[in-house]
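J.: need a structure here:
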Amino acid sequence: MKLTRRTFIAGSGVTTALLCLPSGRVQAAVGPDSYATLIDLTKCDGCVGKSAPLCVDACREGRKDVFPQPAKEQLRDYWPQKKHEDWSSKKNLKDRFTPYNWIFLQQVEVADRTISVPRRCMHCDNPPCAKLCPFGVKHKTAEGPVYIDHDLCFGGAKCRTVCPWSVPQRQAGVGLYTLWQKYLPVGGGVMFKCDLCRDRLAAGKEPHCIEVCPQKAMQIGRRDIIMTKAEELRDTYSGDLYGMTENGGTSTIYVSPVPFEEIDRALVAQEKERAAAKGYKTVRFNKPENMLEKQKNWALLTLLAPLFGIGAALGLAGKKKEGEE
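T.: Sure thing, here's the model as predicted:
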């Protein structure tokens, strides 16, 4: 991740432009030619017999060049808090979202059967994380992916706050803050999450996780075709769908032979058993409301927040320049 003064100034410019945009729903033109992913829970077996699901290992190997590499001297607490989020010594974790693990597997017992569930970013159609980012570093593309511009992210974590599944995760000690962190009493970082391998999609390839699935439990294709196929499978299984309407609709659709309410109850019950696992948070199959619809005042807060950031950025950039002369 290259961080230069030019990058920093570019970030300030993006933020300034954001302030001129009208308040309202910001949404990429999702259409029939956009991508959508279908995850069939009747096929996923969690890669039984393997040390880890193949989709998890493939993602970690294929995206490792994007993972953060913080310098220990840059790790500082988020003042006035006495803590910071550093996952660099816990890169081996594969059972939750981290900056180094963008997909993981949940398994629960429901209706006398084991349900294996690959979890990653849902790539919402109208993502609150992108709309409510104060610096506009999260984007929804017309092709479907929601991604983070790591070079411009300040690690504010509002995206995680408004995500119903707490997908984005923060790594301290990297990003723009490291350019002038010595002038601040606060540490910073960058948010990381699945970007649907958008570079591979642009090259006509499948995401790593989908390409290696031995059971073909995940498939990606034109949105209209995937949606039709999902509904057909639901009817065939007399089952249930998740992702069609949740959080305003998503580009990731799960189909299950059992109701997702039952899967969600099993996940909540399982969480109690894992409460001792520090940092573990159950990713639920609940019915979230889209923050953009529920909290109209978020738009105003989003426009006000960058004012403070711009002021601090310009002031600190000036100090840095004086120190170099």
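
J.: For the rest of this, base every contact and every neighbour count on C-alpha atoms.
T.: Noted.

J.: And the helices in this structure?
T.: 5-19, 54-62, 128-131, 158-162, 177-180, 198-202, 208-211, 223-237, 260-273, 291-294, 297-324 (DSSP state H).

J.: Quick check: buried residues in the fifth one?
T.: Spelled out, that is helix 177-180. For helix 177-180, the neighbour count (16 or more other Cα atoms under 10 Å) marks 177-179 as buried.

J.: In CSV: those, plus pLDDT.
T.: Putting the buried residues of helix 177-180 into CSV (pLDDT from 0 to 100) gives the following:
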residue, pLDDT
Tyr177, 79
Thr178, 81
Leu179, 80
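
J.: which of the residues you listed lies closest to Glu232?
T.: Taking Cα to Cα as the measure, Glu232 sits nearest to Tyr177 out of the buried residues of helix 177-180, at 48.8 Å.

J.: How about the contacts made by the nearest residue to Glu109 once chain neighbours are set aside?
T.: For Glu109, ignoring the flanking residues on the chain, the nearest one in space by Cα to Cα, 6 or more residues apart in numbering is Ile115 at 6.2 Å. Neighbouring residues of Ile115 by Cα atoms under 8 Å, 6 or more residues apart in numbering: 41-42, 44-45, 107-109.

J.: and if you look at Gly187?
T.: Taking Cα under 8 Å, 6+ apart, we find Gly187 in contact with 74-79, 84, 172-173, 177, 181.

J.: residue contacts, Val212?
T.: 54-55, 58.

J.: Now with 7 Å, please.
T.: Residues in contact with Val212 (Cα atoms under 7 Å, 6 or more residues apart in numbering) are 54-55.

J.: Count residues in the vicinity of Asn126, would you?
T.: Other residues lying near Asn126 total 23 when counted by other Cα atoms under 10 Å.

J.: So for it, what's the pLDDT?
T.: Looking at Asn126, its pLDDT reads 92.

J.: List the contacts of Tyr100.
T.: Residues near Tyr100 by Cα under 7 Å, 6+ apart: 60, 67, 91.

J.: For these, pick the one with the most neighbours.
T.: In the contacts of Tyr100, the most neighbours by other Cα under 10 Å go to Arg60, 21 neighbours.

J.: Now do the nearest residue to it once chain neighbours are set aside against Lys229, distance only.
T.: Distances taken as Cα to Cα, 6+ apart put Asn101 closest to Arg60, at 6.3 Å, once the chain neighbours are dropped. Distance from Asn101 to Lys229, counting by Cα to Cα, to the nearest Å: 29 Å.

J.: Same drill for these two, tell me which one is more crowded.
T.: Asn101 (25 against 14).

J.: Need the pLDDT of that one.
T.: So Asn101 comes in at 98 (pLDDT).

J.: so it sits right up against Lys94, yeah?
T.: Yes. Between Asn101 and Lys94 there is a contact under Cα atoms under 7 Å: 6.2 Å.

J.: Could you pull out the strands in the stretch 51-200 of the chain for me?
T.: Remark: strands assigned in the stretch 51-200 of the chain by DSSP state E, counting those that start in this stretch are 104-110, 113-119, 138-140, 146-148, 169-172, 189-192.

J.: will you turn those strands into JSON lines that also has distance to Thr236?
T.: Listed next are those as JSON lines, based on distance: least, Cα to Cα, whole Å:
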{"stretch": "strand 104-110", "distance to Thr236": "19"}
{"stretch": "strand 113-119", "distance to Thr236": "18"}
{"stretch": "strand 138-140", "distance to Thr236": "32"}
{"stretch": "strand 146-148", "distance to Thr236": "31"}
{"stretch": "strand 169-172", "distance to Thr236": "37"}
{"stretch": "strand 189-192", "distance to Thr236": "37"}
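
J.: which stretch among the ones you listed comes nearest Pro32?
T.: strand 138-140 (15.6 Å).

J.: pLDDT of that closest one, averaged?
T.: 91.

J.: Any idea what the residue lying closest to Glu262 once chain neighbours are set aside is bridged to?
T.: Excluding its sequence neighbours, the residue lying closest to Glu262 (Cα to Cα, 6+ apart) is Val110, at 6.9 Å. Beta-bridge partners recorded for Val110 (DSSP bridges): Arg113.

J.: quick one on the thing from earlier: okay, the contacts of Tyr100 in a markdown table with distance to Thr282 next?
T.: Below are the contacts of Tyr100 laid out as a markdown table (distance: Cα to Cα, whole Å):
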| residue | distance to Thr282 |
| --- | --- |
| Arg60 | 21 |
| Phe67 | 23 |
| Lys91 | 19 |
